[in-house]
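K.L.:
Predicted model and sequence follow; I will ask about them next.
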Amino acid sequence: MKVRQFLICLVPLLAGALPAMAQDIPRTADGTPFLQGIWQAQSRAAFNLEDHVARHDMQAGQSVVAGGSIPYQDWARAKQQENFANRAELDPLNKCYLPGVPRIMAMPWPFQIFQTPEHVAITFEWTQVYRLIYADGQEQMYPGFEHWMGDSRGHWEGDTFVVVVRDSNDRHWMDAAGNFHSIGAVITERYTMVDADTIRYEATIDDPEVFTEPWTISYPLVRQTDMTRLLEYQCQAEVEEANGAFERVDSLWHPAPIPEANIPFDANAGADLPLPAMPAGIPRHADGTPDLTGLYTQGGIANYGLEKRENLALFPPANGVIIDPIDGILPYQPWARTEMLERREPWRGYDDPTAHCFVAGIPRSHYVPSPYMILQPPGYTVVLHERMSYRVIDMNRREHLPDNIRLWMGDALGHWEGDVLVIDSANYNGKAWLNELGDVTSHAQTVREYYIPQADQIIYRAVVSDPIPYSRPWTMEMPMPRQDGELLEVACLEDNNDLEHLRDVRDEHRAQQQE
Amino acid sequence: MKTTLSLVLCTAALAFGAGPTLAHHSFSAEFDIEQPIALTGKVTRMQWSNPHGWIYIDVENDDGSVTNWALETSAANNLIRRGWKREDLPAGTTIVVEGFRARNGTPTANIRGIQLEDGRRLFSGNAEELRN
């Protein structure tokens, strides 16, 4: 302990001068510093990177900029000051837009770093944002397009993880005080562990269009030792629930009771279906466990209906993805089927959470029309959904969160049964829809999922037990084909031109009902 | 995945296949399959956004006036993976599209692909590919 305190004292004086001094830090088997864990910035930088006094909406704080102030060009300083004066109206974060780098790193929410030799992923509690940092030396696959969170490529320089962020758009700010950069900015981050529980974070912003010279910020990231896992803060969903734009569903959201009129739920009904066979040639890690790492795409039409069906408007007939019950029809309670059918009406389209750009929940996240990346860092299976949400499956924890903690994405615990990844999840909040056609889920849902590895795909099976809308468990199964390419970014809310149309259709219907 | 354009010979109809555009919202809640529409116009702007890209075109009406239409495609990421490039749609490009009008009466339509003046067709992607 004394050694650790000594290092903390020395670091501000010697930062960068003694790159090999931090011996008392976790490392991987090959000696690389192991950044994995839950962290949070210890800084006022989210309010203002520069020296600032308190305002009604911000704490006072000292500058995190080396040299004290940001070397703006004159026009750019004037723009920043205008931003500051009008921040309540102009700050993109007040609209829940993606914060960009480096702002996301300083915000007062915890985040989790996951580390493999090829990737570093950072998942943030704030609105399920994540960053995927390619650390395998691969060149950017789709250059020429800007992203809210930029394109991040990382490499190790001694004990420091260096990340170069390019192709950030210019629609976000760097703090709540209106500091900004242009599309051409190159941001170089440096993550250096100074002891087991502290990362020194630095970021250098090089942007000749806005600044007279490159400049650097730094502050500590501190390990959060009091958390079982990250929870959720869904910015826009919280705003819309508070202002009534997204309406509460008492019959499905936590803590809805099981309706007394329900057909009693038969938890034991259903076939005990054998798992599909696994070929010998599946990819494996060095320790023999199946290597699921890679990009996957939705392989089924489940987003447009789970059940077997005949022609439906533009949708062709489909066999559906339900394998139990064997007739391919969901075992709905009668009232829940009525609700599902009503959700197909145009005026109910507004009620689908994904139309608002909220997260898709489980199992829907597997079949929204966007790919996802699976990583297997030590102790976890992490699924990064391109549609800006993620799921962390804890491979060691065996007990779910307390029953009163409810999440859009649930609480997922994983284990291996032979070569099959088995995931048990609970603690849902019941706010999701199961697809665009409105198949129903509630907070009472528990799910057992199977990731069944194949050579070029994973077969996905989910057994859903939900005693509120259904009379017995049901099982869906679909392929998740591997695909080449890199994960991109879906910033959904930021350019969601559709919601206004959907609201118009709903409001017109409601007006007609009242006449 | 290769990022080359898939070039398809021009046929009489655009024939981008059945099925709604891949979306994050119910197709029929926003667009009306009873209102199919065919438009020819000049691109004024392409918005490379998610969850949908938007192409804006000026269309000349019968009375000589001009309406700027908003055309919804699938996600920009989907277009990028299909090989669409920024250079494909500079302002002023004439394109032909077929789609369905928005229910709320605004000059908005959902399209599944476009045809360029040189006959090249760019497909935006739709749910029929997921048929099972």
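P.N.:
Looks like it came in fine. Numbers count the residues shown, from 1 in each chain, chains lettered A, B, ... in the order given.
K.L.:
Of all residues in chain B, which one is closest to chain A?
P.N.:
For chain B, the residue closest to chain A is B:Ala29, as judged by CB to the nearest CB, at 2.1 Å. Bear in mind the C-beta positions are built from the backbone N, C-alpha and C, glycine included.
K.L.:
Give me the phi and psi for that residue.
P.N.:
The phi and psi values for B:Ala29, taken as degrees, to the nearest 10, are phi -80, psi -20.
K.L.:
And A:Ile122, by the same measure?
P.N.:
Note on A:Ile122: its backbone torsions stand at phi -120, psi 120 [degrees, to the nearest 10].
K.L.:
Just name the shakiest helix or strand of chain A by mean pLDDT.
P.N.:
In chain A, the helix or strand scored least confidently by mean pLDDT, DSSP states H and E is helix A:2-14, which has a mean of 37.
K.L.:
Residues contacting whatever helix or strand comes next after that one, please?
P.N.:
From helix A:2-14 onward toward the C-terminus, using DSSP states H and E, the following helix or strand is strand A:37-41. Residues from elsewhere that reach strand A:37-41 (CB atoms under 8 Å, 6 or more residues apart in numbering or on different chains): A:105-113, A:199, A:201, A:219-224, A:227, A:229-230.
K.L.:
residues touching the residue of chain B closest to chain A, list them.
P.N.:
Residues near B:Ala29 by CB under 8 Å, 6+ apart: A:Pro346, A:Trp347, A:Arg348, A:Gly349, A:Tyr350, A:Asp352, A:Ala355, A:Leu502, A:Val505, B:Arg103.
K.L.:
Could you tell me which residues of the stretch 101-250 of chain A lie near chain B?
P.N.:
Contacts of the stretch 101-250 of chain A with chain B, taken as CB under 8 Å from any CB of the partner chain, map to A:Tyr142, A:Gly144, A:Phe145.
K.L.:
correct me, but the second one touches B:Trp84?
P.N.:
So that's A:Gly144. No - in this structure A:Gly144 lies outside contact range of B:Trp84 using CB atoms under 8 Å: 11.2 Å.
K.L.:
mind giving me the domain ranges of chain A?
P.N.:
When chain A is parsed with automatic domain parsing, its domains come out as A:2-223, A:281-499.
K.L.:
which residues touch A:Leu499?
P.N.:
Contacts of A:Leu499 by CB under 8 Å, 6+ apart are A:Tyr350, A:Ala355, A:His356, A:Cys357, B:His25.
K.L.:
now, the most widely separated pair of those residues?
P.N.:
The two members of these with the most space between them (CB to CB) are A:Tyr350 and A:Cys357, at 12.6 Å.
K.L.:
in the stretch 201-350 of chain A, which spans are helices?
P.N.:
For the stretch 201-350 of chain A, helices defined by DSSP state H, counting those that start in this stretch occupy the ranges A:235-243, A:334-343.
K.L.:
Next, format the ones you listed as JSON lines and append mean pLDDT and mean neighbour count.
P.N.:
As requested, the helices of the stretch 201-350 of chain A are exported to JSON lines (pLDDT from 0 to 100; neighbours: other CB atoms under 10 Å in any protein chain shown):
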{"stretch": "helix A:235-243", "mean pLDDT": "98", "mean neighbour count": "16"}
{"stretch": "helix A:334-343", "mean pLDDT": "97", "mean neighbour count": "16"}
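K.L.:
Now tabulate those helices in CSV and tack on distance to A:Trp433.
P.N.:
Compiled in CSV, those are given as follows (distance: least, CB to CB, whole Å):
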stretch, distance to A:Trp433
helix A:235-243, 13
helix A:334-343, 7
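K.L.:
thinking again about what came up before, would you check how far apart the residue of chain B closest to chain A and A:Ala491 are?
P.N.:
As for B:Ala29, its distance to A:Ala491 is 22 Å (criterion: CB to CB, to the nearest Å).
K.L.:
list the contacts for A:Thr293?
P.N.:
A:Thr293 neighbours (CB under 8 Å, 6+ apart): A:Thr116, A:Glu118, A:His119, A:Pro283, A:Ile374, A:Leu375, A:Gln376.
K.L.:
And it, what's its pLDDT?
P.N.:
The model reports A:Thr293 with a pLDDT of 97.
K.L.:
Please tell me how far it sits from chain B.
P.N.:
17 Å (CB to the nearest CB, to the nearest Å).
K.L.:
Can you name the residues that contact A:Val505?
P.N.:
Contacts of A:Val505 (CB under 8 Å, 6+ apart): A:Pro346, A:Trp347, A:Gly349, A:Tyr350, B:Ala29, B:Glu30, B:Arg103, B:Asn104.
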